[in-house]
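Asks: what follows is a protein structure lacking sequence information:
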């Protein structure tokens, strides 16, 4: 019995780019990139290079300095390396890209060999003074079955339009590392790779939810033992800003209300067979064209596939008949770019296998649960919307081969939650949006053969947070202040003693300036950090940290020599009553070392920090009182020390909190620490949850705001019904903290009194023009003009609602809110019952 494939720490790597002097994009040539250099504005990422075997590779050039400046794909030829026959210890795909200086929005780029996906990504953004260059790598050893024969190579970079004129130059090659009988053994790879394409002549595919990718598979082998699907889907950009709330939707995407849930659903012959989460990509221009310069968000330039285990269907599909596979990215607005490759292992001891799917609890995706509190009146006020979906399923199937009967069970827990808080005001005209996305998939694969059984667990997590404040200034110009964090977490435990974990996190923020017509004029205050940490049970480990300020790199450190460790979490109980205590334990087990890890451990529940404690003897325990009713996904991180790299916990753990009769809980706050600059506003979301017999109105108050600051809750009361074990009653309130900046008395212009008469009947339009749906062919300038009419009307309507007259107003001098850290307490009261939570306010 062969084991399921061991997922390496990462298959793809996007490497850092500092242009070397010997190339020139002006000469239609790729400019090769080197290591990250402090002071450079070239695109960078904290991800490591692919680990290479020690043998000398045979290199096959796929194309060199090809120019992409149209929508048409280009075809090249691949010939196997004559002096490097397989099997190979590793096959590495590499590519180098350069975008000429000028104007160009991010563009989709893809490279295929024999219609199988070698690379999917997007491009960096150039400027009049910057021609960005970058390098990518991918471990494509699993595609080895394709490399033994000559194939066509198709490369495409979806061009923009006459406004976006900067061409893309690209070079690509495959590096084949021969195996030996020493340290460079050839791994077990799929025997066949079948691309899932609607057209055998065009692997560049786009579909819609209504018309998904549908392919008839008439040539499946008759002796399959294992079956996997690698899938990459790119739905509508900024899909997580979609809102099911009709009041919120027009402000964040200028669209009708629709769910934020995106999920890749796979069916075989009409039967649900597997799912994959969508990654919340933030490309080079996402939210703000300056935000991701020079540190790119996770996967921004190099999209990674998600592997779906279809092995329970392997025996059934070996019947020699044609079968239909459908891959659908549900709820996508517009077009989804999608690719899939089937990876097939066959029975080397027999020509046929057989089997059945014995049980399957995967059903069609249910509707999300939506909780709403607050509302907008004439476009003003606060509203909170939380959309969530939790579900579990298991698929079991068996295959009978020459080795006997093997049964495979794939069990998965899926957790999706997208929380949005929108606050609109008129003095000044201001929109504030906080979006928190949590998306996790926990998989357990159990394989039972004639003589042994193995278990492997996989954890994938893609949390994202975006906080945007859009303000009209007194002089009629606009300012957008943005901070965003996008993360990738992948952990594997098993089969056997194998384990790996990788965590990437990129946080960026800046202030975007726009003129009175909402055309972008520049940015200021850009800062960003990017970190990557990984290790596996084979002794490989890596740590990298990047930092930037004012859109140039200010720091770059990496460490591949420290010893890795494996971090596990456990709980004294996995079910507890609301308000009850559970002891959480974290243990750091060193890899290939007799040293004992020291340093700090941070425990998290659903992404929110619970406690920070220090290891003692490589382990630490802490009691936690749980108030959040429902599933609490527990994870932990290790900061590392002088001998050990930072790590994330390997094993997913869930503590389920059941409601308690006659009570309610407040919190936890999200975020737990709110950092604001004097004169700005911040928003924290706080859930209020009922117990099993509690029902009624809960009045909400907040306290602890420093002088010169206000703390308001919207709505100031919520109505709860009793919770049950299957239906939790939760309402979320927005805590809006507004600080003041020091200022002298000054004259402020007011909106003309005629505005109310002219536009008083027009409802408030959206201000977040950055969020308007855009095609990649649109330039930033054209985008801002697209939104001008809508936003201008919205601002005039808001002015009408303020009742301002003509003339000017004298604003008194203000000392401003003192800088420092403050504890804000949010309290809920219903009769004699109270509950509260706190968060930290940091005023800079």
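Replies: Sure, I can see it. Bear in mind the structure is a predicted one, so any value in this text is a computation, not a measurement.
Asks: how is the chain divided into domains?
Replies: For the chain, the domain assignment from automatic domain parsing gives the residue ranges 12-561, 567-658, 664-843.
Asks: and the ones you listed as JSON lines, adding mean neighbour count and mean pLDDT?
Replies: Any C-beta I mention is one placed from the backbone N, CA and C, and that applies to glycine too. Shown next, in JSON lines, are the domains of the chain (neighbours: other C-beta atoms under 10 Å; pLDDT from 0 to 100):
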{"stretch": "domain 12-561", "mean neighbour count": "20", "mean pLDDT": "89"}
{"stretch": "domain 567-658", "mean neighbour count": "18", "mean pLDDT": "87"}
{"stretch": "domain 664-843", "mean neighbour count": "18", "mean pLDDT": "67"}
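Asks: for residue 560, give me its contacts.
Replies: Contacts for residue 560 were tallied using C-beta atoms under 8 Å, 6 or more residues apart in numbering; they are 48, 541, 542, 543.
Asks: need phi/psi at the last one.
Replies: It refers to residue 543. phi -140, psi 140 (degrees, to the nearest 10).
Asks: hang on, it packs against residue 646?
Replies: Yes - look at residue 543 against residue 646 with C-beta atoms under 8 Å: they come within range, at 6.2 Å.
Asks: hey, what's in contact with both of these two?
Replies: Between them, residue 543 and residue 646 have 531, 533, 640 as joint contacts when contacts are counted by C-beta under 8 Å, 6+ apart.
Asks: for the second one, give me its contacts.
Replies: Residue 533 is in contact with 502, 503, 542, 543, 544, 640, 645, 646, 647, 648, counting by C-beta under 8 Å, 6+ apart.
Asks: who's the last one bridged to?
Replies: Read it as residue 648. Beta-bridge partners of residue 648, counted by DSSP bridges, are residue 637.
Asks: picking that back up, the contacts of residue 560: which two are farthest apart?
Replies: Using C-beta to C-beta, the contacts of residue 560 reach their maximum pairwise distance at 48 and 541, which is 9.9 Å.
Asks: what residues do the two have in common as contacts?
Replies: 534, 560.
Asks: wait, a strand at residue 143?
Replies: No - assessed with DSSP: H, G, I helix; E, B strand; the rest coil, residue 143 is helix; it does not lie in a strand.
Asks: contacts only, for it.
Replies: For residue 143, the contact set (C-beta under 8 Å, 6+ apart) comprises 91, 113, 116, 118, 190, 193, 341.
Asks: same check on residue 453?
Replies: Residue 453 sits next to 446, 447 when contact means C-beta under 8 Å, 6+ apart.
Asks: state the phi and psi torsions of it.
Replies: Dihedral angles (degrees, to the nearest 10) for residue 453: phi -140, psi 140.
Asks: how near is it to residue 445?
Replies: 11 Å (C-beta to C-beta, to the nearest Å).
Asks: helices along this structure, start to end?
Replies: Assigned by DSSP state H, the helices in the chain fall at 249-252, 754-759, 780-802.
Asks: just to revisit the earlier point, let's have the contacts of residue 143 in a markdown table, adding distance to residue 181.
Replies: Below are the contacts of residue 143 laid out as a markdown table (distance: C-beta to C-beta, whole Å):
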| residue | distance to residue 181 |
| --- | --- |
| 91 | 19 |
| 113 | 29 |
| 116 | 29 |
| 118 | 29 |
| 190 | 23 |
| 193 | 26 |
| 341 | 30 |
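Asks: tell me where the stretch 151-300 of the chain has strands.
Replies: In the stretch 151-300 of the chain, the strands defined using DSSP state E, counting those that start in this stretch lie at 151-157, 168-178, 192-196, 206-207, 213-217, 224-234, 263-268, 271-277.
Asks: to residue 335, which of those strands lies closest?
Replies: Within the strands of the stretch 151-300 of the chain, the stretch nearest residue 335 is strand 206-207; the backing value is 4.8 Å (C-beta to C-beta).
Asks: right, and residue 132 touches residue 42 too?
Replies: Yes - taking contacts as C-beta under 8 Å, residue 132 lies within contact range of residue 42: 6.0 Å.
Asks: quick one: which of the shared contacts of residue 543 and residue 646 sit in strands?
Replies: Using DSSP state E, the members of these that fall within strands are 531, 533.
Asks: so the nearest residue to residue 48 once chain neighbours are set aside versus residue 838, what's the distance?
Replies: Once flanking residues are discounted, residue 48 sits nearest to residue 542: 4.5 Å by C-beta to C-beta, 6 or more residues apart in numbering. Distance of residue 542 to residue 838, given as C-beta to C-beta: 37 Å.
Asks: ok, now residue 181?
Replies: 62 Å.
Asks: go on, residue 50?
Replies: Taken as C-beta to C-beta, the span from residue 50 to residue 838 is 45 Å.
Asks: same deal with residue 382?
Replies: According to C-beta to C-beta, residue 382 stands 20 Å off from residue 838.
Asks: equivalent analysis for residue 442, please.
Replies: On the measure of C-beta to C-beta, residue 442 and residue 838 end up 30 Å apart.
Asks: same question, residue 415
Replies: 26 Å.
Asks: how about residue 710?
Replies: In terms of C-beta to C-beta, residue 710 sits 18 Å off from residue 838.
Asks: how about residue 558?
Replies: If you go by C-beta to C-beta, the gap between residue 558 and residue 838 works out to 38 Å.
Asks: likewise for residue 443?
Replies: 36 Å.
Asks: and what of residue 554?
Replies: Distance, residue 554 to residue 838, by C-beta to C-beta: 34 Å.
Asks: quick one, phi psi at the closest residue to residue 185 other than its chain neighbours?
Replies: Distance criterion C-beta to C-beta, 6+ apart; nearest residue to residue 185, sequence neighbours excluded, is residue 179 at 5.9 Å. Main-chain torsions, residue 179, degrees, to the nearest 10: phi -90, psi 160.
Asks: I'd say residue 179 and residue 188 touch.
Replies: No - counting by C-beta under 8 Å, residue 188 is not a contact partner of residue 179; they are 11.8 Å apart.
Asks: picking up where we left off before, the contacts of residue 560 into a markdown table, with extra columns for distance to residue 569?
Replies: Shown next, in a markdown table, are the contacts of residue 560 (distance: C-beta to C-beta, whole Å):
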| residue | distance to residue 569 |
| --- | --- |
| 48 | 25 |
| 541 | 20 |
| 542 | 22 |
| 543 | 21 |
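Asks: what is the nearest of the residues you listed to residue 328?
Replies: Closest approach to residue 328 among the contacts of residue 560 (C-beta to C-beta): residue 48, at 34.0 Å.
Asks: for that closest one, what are phi and psi?
Replies: Taking degrees, to the nearest 10 as the convention, residue 48 sits at phi -80, psi 170.
Asks: show me what contacts residue 524?
Replies: Contacts of residue 524 were listed using C-beta under 8 Å, 6+ apart, and they are 510, 511, 513, 550.
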